[in-house]
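Visitor: Build me a model from this:
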Amino acid sequence: CLATLIIMLVGDTYTLINYVSFINYLCYGVTIIGLIVLRWKKPKIFRPIKVNLLIPITYLAFWAFLLIFSLYSEPIVCGVGLIIIFTGVPVFFLGVYWRNKPKCVNRLIESMTCWGQKLCFVVYPQCGSAEEE
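Guide: Residues are numbered from 1 along each chain as shown. The predicted model follows:
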């Protein structure tokens with residue numbers, strides 16, 4: 001979010017749309033790849049909607065064309081889009097992967113989550129740890 005705010009303040013809207021569209025293409029393709037991998041590795045799990053594998057494979061072919069064309073035509077924009085995605089890696093390691101965090105780090109993450117919920121009206125704020133309840 002911080003990187004996006006900086007881009008919005010510094011760059012123009014056209015560039016921001018290019019960053020976001022590249023990131024969206026990339027995420028959609030990775031999702032479809034995950035669908036195909038799950039169909040291959042876990043064929044027996046429940047799926048409310050099951051489509052023929054020809055549809056995601058066809059989508060993936062068009063996705064690859066769009067992604068390669070984007071990388072070829074605007075490598076700087078795609079590179080910045082990848083940098084924006086990779087800014088989430090430290091957040092993942094700090095918030096999810098690191099299991100035995102000190103209590104002060106847990107309190108900081110909880111307060112930031114609560115603040116973000118209040119700011120964006122996303123979820124009814126439930127400040128305070130689950131341990132206290």
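
Visitor: where's residue 26 relative to residue 70, distance?
Guide: As judged by C-beta to C-beta, to the nearest Å, residue 26 and residue 70 stand 9 Å apart. C-beta coordinates here come from the backbone N, C-alpha and C atoms, glycine included.

Visitor: cool, and residue 106?
Guide: Residue 106 sits 40 Å away from residue 70, taking C-beta to C-beta as the criterion.

Visitor: In terms of packing, which of those two has more residues around it?
Guide: residue 70 (18 against 13; other C-beta atoms under 10 Å).

Visitor: Not counting its neighbours along the chain, what's nearest residue 60?
Guide: Once flanking residues are discounted, residue 60 sits nearest to residue 32: 5.4 Å by C-beta to C-beta, 6 or more residues apart in numbering.

Visitor: Does anything pack onto the lengthiest helix in the chain? Which helices or strands?
Guide: Longest helix of the chain, by residue count under DSSP state H: helix 13-41. Applying 3 or more C-beta pairs under 8 Å, 6 or more residues apart in numbering; DSSP states H and E, one finds that helix 13-41 contacts helix 2-10, helix 54-73, helix 75-86.

Visitor: Quick check: buried residues in that helix?
Guide: 15, 18-19, 22-23, 25-26, 29, 32, 35 (16 or more other C-beta atoms under 10 Å).
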